[in-house]
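Peer 1: Structure, please.
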Amino acid sequence: EVQLVESGGGLVQPGGSLRLACAASGFNFASYAMSWVRQAPGKGLEWVSTVNGQGSATRSVDSVKDRFTISTDNAKNTVYLQMNSLKSEDTAVYYCAKLTTVGYDYWGQGTQVTVSS
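Peer 2: This is a model prediction of the structure:
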């Protein structure tokens, strides 16, 4: 059974940092790209960042490219999102998702990130 479990969300002041983690199980982690996707209050899903299965290639949306870093630890089957210089507009529920050739097939339950003073 595939499981994706996020952790690391919380309340942080503008300019602060958080590191999200997504622990994966039930599939060959190194064979799949993984993404972080967020949903701000009252808005739709927004893709944030993707890393390939080997952790050697990443892509991010322009709005976070200089502030967020996606990475993997294949020994722990975990994907991370290091978020620095957080802004109020980063407030959202953050989901990790397993990416296949036809789209996302599994999602985590989400973790809330709130950026507020």
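
Peer 1: Could you use CA atoms for every contact and neighbour count after this?
Peer 2: Fine.

Peer 1: Correct me if wrong: Met34 contacts Cys96.
Peer 2: Yes. Counting by C-alpha atoms under 8 Å, Met34 touches Cys96, with 7.0 Å between them.

Peer 1: and those two? which has more neighbours close in?
Peer 2: Cys96 (32 against 29; other C-alpha atoms under 10 Å).

Peer 1: Once you drop chain neighbours, what's closest to that one?
Peer 2: For Cys96, ignoring the flanking residues on the chain, the nearest one in space by C-alpha to C-alpha, 6 or more residues apart in numbering is Trp36 at 4.5 Å.

Peer 1: What helices and strands are in contact with the host helix or strand of that neighbour?
Peer 2: Element membership for Trp36 (DSSP states H and E) is strand 33-39. Using 3 or more C-alpha pairs under 8 Å, 6 or more residues apart in numbering; DSSP states H and E, the elements in contact with strand 33-39 are strand 45-51, strand 92-100.

Peer 1: Apply 10 Å and report the result again.
Peer 2: strand 18-25, strand 45-51, strand 58-60, strand 68-73, strand 78-83, strand 92-100, strand 103-107, strand 111-115 (3 or more C-alpha pairs under 10 Å, 6 or more residues apart in numbering; DSSP states H and E).

Peer 1: now the fourth one: how far from the chain's centre is it?
Peer 2: Between the mean C-alpha location of strand 68-73 and the chain-wide mean there is a distance of 8 Å, by C-alpha atoms, centre = their mean, to the nearest Å.

Peer 1: got it, and the longest one?
Peer 2: Relative to the centre of its chain, strand 92-100 is centred 6 Å away, using C-alpha atoms, centre = their mean.

Peer 1: which secondary structure elements does that strand contact?
Peer 2: strand 3-7, strand 18-25, strand 33-39, strand 45-51, strand 78-83, strand 103-107, strand 111-115.

Peer 1: need the contact list for the residue nearest the centre of the chain.
Peer 2: The chain has Trp36 as the residue nearest its centroid, 2.9 Å off, counting by C-alpha atoms, centre = their mean. By C-alpha atoms under 10 Å, 6 or more residues apart in numbering, Trp36 lies in contact with 20, 22, 46-51, 60, 70, 79-81, 94-98, 107-108, 110.
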